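K.L.:
Show me the folded form of this:
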Amino acid sequence: MEQKHTNKDLLIQGLKTLALCVILMFAGPTLLHITFSNPDKPLYIPLLIISILICIGAILMLFKGLNTILKSVFD
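P.N.:
Numbers count the residues shown, from 1 in each chain. Model prediction:
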């Protein structure tokens with residue numbers, strides 16, 4: 001009976017995804033706060049859309065990174 005081991009390449013890929021997620025988790029809300037503090041500027045709507053997309057991207061990258069790490073450990 002052979003024991004299963006962690007796929008290290010897949011684990012590294014998952015950790016890189018989570019590192020990108022951490023960057024997006026700080027950038028999205030920061031940009032959203034800056035956008036909400038200047039509603040009278042001409043770039044209000046485009047910055048609002050971009051910051052919301054960055055926040056959604058951070059959430060998606062979190063799920064993708066955790067899923068990749070779990071696959072590397074349990075598959």
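K.L.:
Just the element for residue 68, please.
P.N.:
helix 44-74 (DSSP states H and E).
K.L.:
In that helix, which residues are buried?
P.N.:
By neighbour count on 16 or more other C-beta atoms under 10 Å, the buried set for helix 44-74 is 47, 51, 54-55, 57-58, 61-62, 64-65, 68-69, 72. Bear in mind the C-beta positions are built from the backbone N, C-alpha and C, glycine included.
K.L.:
ditto for stretch 5-16
P.N.:
Buried positions in stretch 5-16, judged by neighbour count with 16+ other C-beta under 10 Å: 7, 10, 13, 14.
K.L.:
who touches it?
P.N.:
Applying C-beta atoms under 8 Å, 6 or more residues apart in numbering, the external contacts of stretch 5-16 come out as 65, 66, 67, 68, 69, 71, 72, 73, 75.
K.L.:
closest to residue 23 among those residues?
P.N.:
Residue 23 has its nearest neighbour among these in residue 65, at 12.0 Å by C-beta to C-beta.
K.L.:
wait, isn't that closest one in contact with residue 22?
P.N.:
No - shown here, residue 65 and residue 22 do not form a contact pair, counting by C-beta atoms under 8 Å, at 9.6 Å.
K.L.:
phi, psi of residue 38?
P.N.:
The phi/psi pair for residue 38 (degrees, to the nearest 10) reads phi -130, psi 70.
K.L.:
Quick check: closest non-adjacent residue to it.
P.N.:
Closest residue in space to residue 38, ignoring its immediate chain neighbours: residue 44 at 6.8 Å, by C-beta to C-beta, 6 or more residues apart in numbering.
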